[in-house]
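Here is my input, please return the structure:
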Amino acid sequence: MTRRQALWASGLASLALFAVLAVLDQTMRDAGGPGIVGFELAASEEDAAEIVNAWGDRGEDAARASLYLDFPYLIAYGAFLTLAVAAVRDRVAGCGLRRLAAVGLAAIVLPAAGASFDAIEDVGLLIALDGKGGDAAPLLAAICAILKFALIAASIVYLVVGWIAARRCEFSPNAS
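Now for the predicted structure:
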């Protein structure tokens, strides 16, 4: 499988899984609580329990399904973003943008690290959803969620900056 094919496959898988996760998130909201992000950032046993109670059985079932479905989703988006960062890094290197290509060497680990924190977060949230883990499980989940969001955001910033730079280079009158 080529990188291009893997990008398409992981991108389509990410979109399909995201669509299902969005439906589950709406179910949580309709049940009377916040979506999954609110639960991810609860950070305490008391706040997590309050959210689970607000959801009721229907929302809790949707949250549990969402958390289990998030495992294949984090693999799909982690693969997609890693491949995309590698592709952008190669494009900027091909344009002679050495500094931006060097940043890409570091940026390539960001999506995988973000997805790893997402997996740890999911485990903490599943423990909290069961009413176990005290303050530690939701706090660990919240810390991992913040790290995940930061790493994924940094990956996306690199993709946007690198893509714009590569496009400018390709369409520059001085490009070879």
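
helices or strands up against the helix or strand hosting Val123?
Assigned by DSSP states H and E, Val123 belongs to helix 110-129. In terms of contacts (3 or more CB pairs under 8 Å, 6 or more residues apart in numbering; DSSP states H and E), helix 110-129 is packed against helix 36-40, helix 45-94, helix 136-170. Placement of C-beta: from N, CA and C, glycine included.

moving C-terminal of the second one, what's the next helix or strand?
Past helix 45-94, further along toward the C-terminus, the next helix or strand under DSSP H and E is helix 98-107.

where are the low-confidence patches of this protein?
Low-confidence segments of the chain (pLDDT under 70): 173-176.

May I ask you to confirm that Glu40 is in contact with Leu125?
Yes. With contacts counted by CB atoms under 8 Å, Glu40 reaches Leu125, the gap being 6.6 Å.

quick one: common contacting residues for those two?
Ala141 (CB atoms under 8 Å, 6 or more residues apart in numbering).

Thr2 is nearest to which of the helices and strands packed on helix 110-129?
Proximity to Thr2 (CB to CB) singles out helix 45-94 among the helices and strands packed on helix 110-129, at 10.3 Å.

For the helices and strands packed on helix 110-129, give me a markdown table that also has mean neighbour count and distance to Ala107.
A markdown table is the format used below for these (neighbours: other CB atoms under 10 Å; distance: least, CB to CB, whole Å):
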| stretch | mean neighbour count | distance to Ala107 |
| --- | --- | --- |
| helix 36-40 | 20 | 24 |
| helix 45-94 | 19 | 5 |
| helix 136-170 | 18 | 4 |
